[in-house]
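Colleague: Sequence and predicted model, in that order:
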Amino acid sequence: MKGASTQVVPINRNRLLDRFIKYVKIDTAANPFTDEYPSSHGQFELGKILLEELLQLGVDDAHQDENGLIWGTLLSNVGHDSPTIGLVAHLDTSPEAPSKNISPQVVECYDGNDLCFANGETLTVEECPELRDLQGKTLVCSGGDTLLGGDDKAGVAIIMELVTSLVENPNIKRGPIKILMTCDEEIGRGTDKIDLQKLNANVAYTIDGGGAGVVDTETFSADAVRVHFKGKNIHPAIAKGRMVNAIRAAGDFLAKLPSDECSPESTEGREGFIHAYGISGGVGEATIEILLRSFETVQLTEFAKYLTEISDQVRQQFPGLEVTLEITKQYRNLRDSLVNLPAAVELPCRAFELLARPYERAIIRGGTDGSQLSEKGLPTPNLSSGQHQIHSTKEFACLDEMIEAIEHLQILAQLWANERIDH
Ligand SMILES: [Zn+2]
């Protein structure tokens, strides 16, 4: 069946826009200061709306689980066993910018000049060069005082409108499609409650990338390191030869870290870094929090070894000081698991080729839910969803790019439907 023809059906532009605006108006900001799951009530609320819509579409087994995640299955309409694909977006938005009373503004036929927000702020083309490519398109931006929440309501709206278009057009061939809306991605808990056996997919895509035409196939590999310094506190008046000052030791440790290489400020592209981002303590005890990031997982071990060497030097400089390093694994480069299923990347690329659209494979200097899902055995690249300037009050989304993403997913569904599972 390979090479079978594929088709795209027109997307209902106004319905997509209405949907997106309805979703972004619900405040779903994640709250990092609670252990509750999900961390904010808005995520439940948005989930309920989506559930209602999925039920109306007749999506099989649509439900909201006790953690607020939304699940559903679009059954196959081909006669053979084809791989099950998962489509994943997250309900929460970033807590890094205000998210109450979001009043989205629609800019029809954007003129290519600086983007003006309702509160008088502007986003200049110099600040955001990608605006140049969006002339004539429909943009949706925040009022200027809040974020928009296109990260990842754009992904949510894309999946919902795709499902609607597939239900309305059963002539588009598809294998089983699992829909999964997750919670608390922005605070690193996005995959905590995902049961991969329940999802039971062969491949998945997070619809959470910027702009259009990008397949993110690599993320950082990431570890966190906590360096703990235990000194000896004693009244400074009688401290001679007895005090061991933990914050001085911590300061020396920090001073030994390279700043002109291997730091976030000095690296880009494929270069990894050691990022000290937190320090606390006093004379008796001090702690430094550090992030290790690299596209090569083995480099994390080298970074950790380097930190151990520095800590040994500091220990020698401060007799009586105890230094311990606690390393926590965070996530691993997507690429490491995509090699097991090359089609996970090849088919989205082929879908762009069939649409005769430019595309690129890109790397993310960060992690996605897909990094964790892939590491657990589910290959999950990330796809564009028309988001721009995320996590800021100058955030916007491009409706035309969202439509392009839906068309791309229509083709992708058909390409996967042409594949067979070998039993
Ligand atoms: Zn996101």
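Modeller: Sure thing, it's come through.

Colleague: Can you tell me how far the closest residue in space to Asp92 that isn't next to it in sequence is from the ion?
Modeller: Leaving aside its sequence neighbours, Asp92 sits nearest to Ala30 (Cβ to Cβ, 6 or more residues apart in numbering; 4.1 Å). Every C-beta, even on glycine, is put in place using the N, C-alpha and C of the backbone. Look at Ala30 and the ion: by Cβ to the ion, to the nearest Å, they are 10 Å apart.

Colleague: ok, Ala30 - how many residues close by?
Modeller: Neighbour count of Ala30, defined by other Cβ atoms under 10 Å: 26.

Colleague: Near the ion, which residues of the protein? Just list them.
Modeller: Asp151, Asp152, Asp208 (Cβ under 5 Å from the ion).

Colleague: Among these, which one sits closest to Lys232?
Modeller: In terms of Cβ to Cβ, no member of those lies closer to Lys232 than Asp151, at 47.7 Å.

Colleague: Can you name the helix or strand that the closest residue to the ion within the stretch 201-350 of the chain falls in?
Modeller: Closest residue of the stretch 201-350 of the chain to the ion, Cβ to the ion: Asp208 (4.1 Å). Taking DSSP states H and E as the criterion, Asp208 maps to strand 203-210.

Colleague: Can you name every helix or strand that that strand contacts?
Modeller: If contacts are counted by 3 or more Cβ pairs under 8 Å, 6 or more residues apart in numbering; DSSP states H and E, strand 203-210 sits against strand 85-90, helix 150-168, helix 343-354, helix 369-375, strand 382-388, helix 399-417.

Colleague: Contact partners for the residue of the stretch 201-350 of the chain closest to the ion?
Modeller: Asp208 makes contacts with 88-90, 151-152, 155, 185, 368-369, 382-383, 385, 387, as judged by Cβ atoms under 8 Å, 6 or more residues apart in numbering.

Colleague: any idea which of the helices and strands packed on strand 203-210 scores lowest on pLDDT?
Modeller: Among these, helix 369-375 has the lowest mean pLDDT, at a mean of 90.

Colleague: helices or strands next to it in the packing?
Modeller: Right, helix 369-375 is packed against strand 85-90, strand 203-210, strand 214-219, strand 322-331, helix 335-338 by 3+ Cβ pairs under 8 Å, 6+ apart.

Colleague: picking that back up, just the angle between the strand holding Asp208 and helix 399-417, please?
Modeller: Interaxial angle, strand 203-210 versus helix 399-417 (axes from the mean of the first three to the mean of the last three Cα atoms, to 10 degrees): 170 degrees.

Colleague: any chance you could map the helices in the chain?
Modeller: Taking DSSP state H, the helices of the chain run over residues 13-24, 41-56, 150-168, 196-199, 246-256, 297-317, 335-338, 343-354, 369-375, 399-417.

Colleague: Only the C-alpha atoms, please, for the fifth one, written as CSV.
Modeller: Listed in CSV are the C-alpha atoms of helix 246-256, where the atom choice follows Å, rounded to 0.1, in the frame of the first residue of the first chain:
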residue,chain,number,x,y,z
ALA,A,246,30.6,26.9,53.8
ILE,A,247,29.6,30.0,51.8
ARG,A,248,33.2,30.9,51.2
ALA,A,249,33.8,27.4,49.9
ALA,A,250,30.7,27.6,47.8
GLY,A,251,31.9,30.9,46.4
ASP,A,252,35.3,29.4,45.5
PHE,A,253,33.5,26.5,43.9
LEU,A,254,31.5,28.9,41.7
ALA,A,255,34.5,30.9,40.8
LYS,A,256,36.1,27.8,39.4
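
Colleague: What count of nearby residues applies to Cys349?
Modeller: Around Cys349 there are 15 other residues, counting by other Cβ under 10 Å.

Colleague: Domain map for the protein?
Modeller: 13-219+333-417, 221-330 (automatic domain parsing).

Colleague: possible to save these as TSV with distance to Thr6?
Modeller: Listed next are those as TSV, based on distance: least, Cβ to Cβ, whole Å:
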stretch	distance to Thr6
domain 13-219+333-417	4
domain 221-330	33
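
Colleague: can you pull the contacts of Thr368?
Modeller: Per Cβ under 8 Å, 6+ apart, neighbours of Thr368: Thr206, Asp208, Asp216, Thr219, Leu334, Thr380, Asn382.

Colleague: What does it show for phi and psi?
Modeller: Phi and psi for Thr368, reported as degrees, to the nearest 10, are phi -130, psi 170.

Colleague: what about it, distance to Glu360?
Modeller: 17 Å (Cβ to Cβ, to the nearest Å).

Colleague: Next: Glu36.
Modeller: Taking Cβ to Cβ as the measure, Glu36 falls 39 Å from Glu360.

Colleague: So for those two, which sits in the more crowded spot?
Modeller: Neighbours per residue (other Cβ under 10 Å) separate Glu36 from Glu360, with Glu360 holding more: 13 against 10.

Colleague: thinking Glu218 is in contact with Arg332, fair?
Modeller: No. Using Cβ atoms under 8 Å, Glu218 makes no contact with Arg332, being 10.6 Å away.

Colleague: re the thing from before, deepest in the core, which of the domains of the chain is it.
Modeller: When the domains of the chain are scored by mean count of other Cβ atoms under 10 Å, the highest mean neighbour count falls to domain 13-219+333-417 (a mean of 20).

Colleague: And that one, end to end?
Modeller: Start and end residues of domain 13-219+333-417 are separated by 26 Å (Cα to Cα, to the nearest Å).

Colleague: Likewise for stretch 16-30?
Modeller: Counting by Cα to Cα, the terminal residues of stretch 16-30 are separated by 24 Å.

Colleague: can you check stretch 240-248 too?
Modeller: Stretch 240-248 end-to-end distance (Cα to Cα) = 15 Å.

Colleague: Also stretch 358-369?
Modeller: With Cα to Cα, one end of stretch 358-369 sits 25 Å from the other.

Colleague: likewise stretch 70-78?
Modeller: By Cα to Cα, the extent of stretch 70-78 from end to end equals 25 Å.

Colleague: any weak-confidence spans in the stretch 1-150 of the chain?
Modeller: Applying pLDDT under 70 to the stretch 1-150 of the chain picks out residues 1-4.

Colleague: so who does the residue in it positioned nearest to the ion touch?
Modeller: Distance from the ion to each residue of the stretch 1-150 of the chain (Cβ to the ion) is smallest for His90, at 5.7 Å. By Cβ under 8 Å, 6+ apart, the residues touching His90 are 152, 155-156, 181-186, 190, 206, 208, 369.

Colleague: Test of understanding: give the bridge partners of it.
Modeller: On the basis of DSSP bridges, His90 is bridged to Thr182.

Colleague: Please report how far the residue nearest to Asn169 when sequence neighbours are not counted lies from Glu168.
Modeller: Distances taken as Cβ to Cβ, 6+ apart put Val9 closest to Asn169, at 4.7 Å, once the chain neighbours are dropped. Val9 sits 8 Å away from Glu168, taking Cβ to Cβ as the criterion.
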